[in-house]
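Asks: here you go, sequence then predicted model.
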Amino acid sequence: MLRGFIFSKHCFSEGVKMNYQEFIKDVVSHISESISNEKKVVVQQVTKNNGMKYDGLVILDPILNISPTIYLNPYYHRYLEGVSLEDIYSDVLTIYETYMPKEDFDISQFVDFEKAKSKIIFKLVNKEKNVELLEDVPYVDFCDLALIFLCNVCDHNHKYGTILIHNQHLSYWNISLDALFKIAQENTPLLLPYRFDNLINILDQVIRPENVNIDFGMYILTNDHKIHGATSLAYPGILEQISNTLNDDLIIIPSSIHEALIIPENRFDSDLSELHSTIADINEIELTDDEVLSDHPYFYKRDTGYITY
């Protein structure tokens, strides 16, 4: 019995791991052998949030103009942690089959401004970590962060997807940044409604005995998709509404790009310097680099209606 060998045609011995480039080559080779001959597997480098570069595997189908991108970097880390190559192959193929479109993407949804107009949204990102990106896309300042713009597109199964709007699109559409921003201010809360709740109601019931009320004094703000939910902070009037509901000024913790934690100021009894360091530590330890929104808290004052940091 040939224990001591790993299931790849490269025949790496047990305990000897492929380097990253060998891993990519192996996955591409196996996926290519698992799909029909008319399809082609390519790997493209994609720049994601905060300047992070990922290698995206794409299965090109000659009869379709769109295909899901499957990022290989996280799979390599899973492989190093002991996940089998067979499981990785299977997962990649499952993701492709799940998100593979059944028909061409209607490019006029994006090219034709009258069709794209109702789908334009914004997304909150770290300004300092996205300097290179912001040279090529329109954006609006939000404190020390930036709101960038996307076209929210869905396939026939209503699966969520976006196309990033670049400076050249404003010229092509012949619209101003101000007009784009106003459109996104209207669309984003409608297409991605916010969700605001006490943190304890979000956590799994197993941590709270039945019929026992616990109030952490902490709330979570996200959206229905729970994707880029921290962008809800920029929805018109949302912080005023929350502060009125809680009857207090707000301390805002940017826990990730996907959500923000909100604490009424009168419920916060820790040192603010400790809060700064806690946020930075969590960003470094718990989040991937592209999930980080900011390393410090923000503050909303009811009497001024301004958010500061």
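Replies: Structure received.
Asks: mind listing what's buried along the helix or strand of the chain with the lowest mean pLDDT?
Replies: Taking mean pLDDT, DSSP states H and E as the measure, the helix or strand of the chain with the lowest value is helix 199-202, at a mean of 75. Residues 199-200 are the ones in helix 199-202 that count as buried (16 or more other Cβ atoms under 10 Å). Bear in mind the C-beta positions are built from the backbone N, C-alpha and C, glycine included.
Asks: could you export it as CSV, CA atoms only?
Replies: The C-alpha trace of helix 199-202 is given here as CSV (Å, rounded to 0.1, in the frame of the first residue of the first chain):
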residue,chain,number,x,y,z
LEU,A,199,-25.1,42.1,19.3
ILE,A,200,-26.6,39.4,21.5
ASN,A,201,-29.4,38.9,19.0
ILE,A,202,-26.9,38.2,16.3
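Asks: now do it: distance to the chain's middle.
Replies: For helix 199-202, the gap between its own C-alpha mean and the chain's C-alpha mean amounts to 21 Å (Cα atoms, centre = their mean, to the nearest Å).
Asks: who touches residue 283 in this structure?
Replies: Taking Cβ atoms under 8 Å, 6 or more residues apart in numbering as the contact definition, residue 283 lies against 292, 295.
Asks: could you look up the SS state of it?
Replies: Using DSSP: H, G, I helix; E, B strand; the rest coil, the structure places residue 283 in helix.
Asks: distance of it from residue 18?
Replies: Computed with Cβ to Cβ, to the nearest Å, the distance linking residue 283 and residue 18 is 30 Å.
Asks: how is this structure carved up into domains?
Replies: The chain resolves into domains spanning 20-99, 113-191, 194-308 when parsed by automatic domain parsing.
Asks: got the ones you listed as a markdown table, with distance to residue 106 columns?
Replies: Listed next are these as a markdown table, based on distance: least, Cβ to Cβ, whole Å:
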| stretch | distance to residue 106 |
| --- | --- |
| domain 20-99 | 10 |
| domain 113-191 | 8 |
| domain 194-308 | 22 |
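Asks: so which of those domains comes closest to residue 107?
Replies: Distances from residue 107 to each of the domains of the chain were compared using Cβ to Cβ; the minimum, 7.2 Å, belongs to domain 20-99.
Asks: thinking again about what came up before, what is the mean pLDDT for whichever helix or strand comes after the least confident helix or strand of the chain?
Replies: Proceeding C-terminally, helix 199-202 gives way to strand 219-223 as the next helix or strand, assigned by DSSP states H and E. Mean pLDDT, taken over the full extent of strand 219-223, equals 96.
Asks: can you check stretch 103-110 too?
Replies: The average pLDDT for stretch 103-110 rounds to 75.
Asks: can you give the distance of stretch 259-277 from its chain's centre?
Replies: 24 Å.
Asks: and it, what's buried?
Replies: Neighbour counts using 16+ other Cβ under 10 Å place 259-264, 268, 275 of stretch 259-277 among the buried residues.
Asks: min pLDDT across the residues you listed, which one?
Replies: Within those, pLDDT reaches its minimum at residue 268, with 87.
Asks: that residue - nearest residue in space that isn't next to it in sequence?
Replies: The shortest distance from residue 268 to any residue other than its chain neighbours is 5.3 Å, reached at residue 251 (Cβ to Cβ, 6 or more residues apart in numbering).
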